[in-house]
Every structure is written in C-alpha cells, then in structure tokens.
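>>> I would like to see how this sequence folds:
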Amino acid sequence: MNNNDIGRKISDLLLQINQKLQHPYLMRFIEQPVIDEDKLLLTYIMLKEKELSDVELEYFAVSTMLVQVALDTHEKISSHDLTEDHERKKRQLTVLAGDYYSSLYYYLLSEIKDLTMIRTLAQAIQEINENKMQYYKNENQSIENSMENIHRIESSLLLKTADHFHLPLWKGIADEFTFMKRMLVERKSIQNNTYTPLVAKIMKQLNRSKGGWLSLKNQILEVVDAYILHSKIRLEKLWAEEPVMSSMLEKRIEQYIEQSGFRMKKYAEEG
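Numbering: from 1, shown residues only. This next block holds a predicted model:
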C-alpha cells in the first residue's frame, strides 16, 4: 500500500469518525471535536501489519480514536469558577460529550464481541488519567517526571493497542512520535510567549533570580529542545528498523519541526 492509498484510507476513516461524533444537540453548544490525525495514522499503519479484515481494522481504528476524542474533549473542561449560565451549561455539556464519545467505543467493540480490546482501551484510559492527575496537580514535580507523564498521556492509548496486537517495535515509534510532536507544539507556544503548565513546571525548577523573561524563555527552550533532540535521534533509529511505513510519519514530523522553529543544524554544530 503506497502513501496515496494510505491517505485515502485515512480520509475515509476520518469521515466515519466524524459521522459517529455528530450529535445535533451537543453541536449547538460545544465546539466540533478535533480528531488527532497523526494518532489515527499511527493506529492505522500499526494495525495494517496484522492480518485483519478491512471491517475489523476499521472497527479497531475508529474505536481507538473515539477514545482519544473523548479524552481530548474532557481535557477542554474548565476548572475555573464560571458566573454565566451559558458558560456553566457549556462546561456540563462538554463533560457529557466526552462521556458520550467514550461510550461509542464500547458500542462498536461490543458489535464484534471483542471484550479484550474493550479491556485494553479501558486500561489505557485509566493510565492516561492517572498521569494527567500527577502532571496537573503536582506543582513541585521534577522536569523528568513531568516529561514522563507527558510520554504516558500522549502515547498510552497507542502503546496498549500495540501490546494488544503484539507489535513491540511500534510501541517505541508511537511513544517517541507523539511525545516529540507534543514537545514541538509546546515549543511553538513558548516562542509565542504562551504560559502553559509545562512552562510553569520548568520555571519552578530553574533559577529565576537573574535576568528577565527573554533570558528565562531561552532557558526553557533549551530544556524543551534537549528533549526534542533526544526523541528525534531515537525515532531515526526506530524508523531504520521499520522503513516501509515511516515516510509519511517523517514528513509530518518535519512539518511540525519547521512550524516550531526548532533547528537541528544548531545542535549538530554544538555537538
């Protein structure tokens, strides 16, 4: 299967997922859910290695992404005090929407009577939520532990799926790809002077007694860039072991690198 065939299949799966996410009442009050196309691509090309029927592959890929959409929807829930009735209603409906999207994966997998995959995805949800609690609630967490939480938050769904289908090599690829993408998004936010939970955690670990924001910003970027570089080196080694399906993923990562302002040449020269 070439890249064009894969691209067409991903478009078809996106259409199927979007159709299942449509709920007339919810769509009146909350934003259209966003589907992570990179995670869909990773899920699809992982599962493509197994001898699954087209119907089974679609069921598993769509179910996994419905879980991801549910998790991402719950991530949008505001914890701030809301004074306006319409804001409170929107928050309540966002909670319900996440629950509704999550219930869809149970329904799909029950249709093909795959209870073990239901259990696999439930374990992934538990692991992701546990790591989110550690990440968002522990203000004094070390940078290393924060980064480990991000690894698990971004990749657990894919890692559990890879375990379920006995695809050990894809675990490393999925882990590093999703983490690196998250770091590149964080880097772009830092460049735009956006204060994120990760920025707050890194700032807490750095000596801020001297210098202004520009100096601190450069220190934060150095920390993030070191993790980006480490992931990129690991990914290149892993892709060498799985070259058939890596070209589309490499192209996507290169796009994120360009958008983030990260420069490999700089680190090559320093190295």
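>>> Find the centremost residue of this protein, please.
Glu154 (4.0 Å; C-alpha atoms, centre = their mean).
>>> Make sure it is actually in contact with Met180.
No - Glu154 lies out of contact with Met180 (C-beta atoms under 8 Å); the separation is 9.4 Å. (Glycine included, C-beta is placed from N, CA and C.)
>>> and the residue nearest to the centre of the chain, what element?
helix 143-164 (DSSP states H and E).
>>> Next: Met46.
Counting by DSSP H and E, Met46 is part of helix 37-47.
>>> chain center to that helix: distance?
Between the centre of helix 37-47 and the centre of its chain there are 12 Å (C-alpha atoms, centre = their mean, to the nearest Å).
>>> ok, and for it, which residues are buried?
Buried positions in helix 37-47, judged by neighbour count with 16 or more other C-beta atoms under 10 Å: Asp38, Lys39, Leu40, Leu41, Leu42, Thr43, Tyr44, Ile45, Met46, Leu47.
>>> Report the separation between the spatially closest residue to the third one that is not a sequence neighbour and Leu167.
When the adjacent residues along the chain are set aside, Leu40 lies closest to Met65, with 5.3 Å between them (C-beta to C-beta, 6 or more residues apart in numbering). Met65 sits 17 Å away from Leu167 when distances are taken as C-beta to C-beta, to the nearest Å.
>>> Neighbour count for these two, which is higher?
Higher neighbour count among Met65 and Leu167: Met65, with 26 against 19, using other C-beta atoms under 10 Å.
>>> gap between Glu51 and Phe165?
10 Å.
>>> quick one, helices of the stretch 101-250 of the chain?
Ranges of helices in the stretch 101-250 of the chain, per DSSP state H, counting those that start in this stretch, are 115-137, 143-164, 168-191, 197-205, 213-241, 246-260.
>>> For Ile35, give me phi and psi.
Here is the backbone geometry of Ile35 (degrees, to the nearest 10): phi -100, psi 130.
>>> Return the per-residue confidence for the closest residue to it other than its chain neighbours.
Once flanking residues are discounted, Ile35 sits nearest to Ile17: 5.6 Å by C-beta to C-beta, 6+ apart. Among the per-residue scores, Ile17 shows a pLDDT of 93.
>>> Equivalent analysis for Val185, please.
For Val185, the predicted pLDDT is 95.
>>> One more: the one 10 residues further on?
Here, the pLDDT recorded for Tyr195 equals 89.
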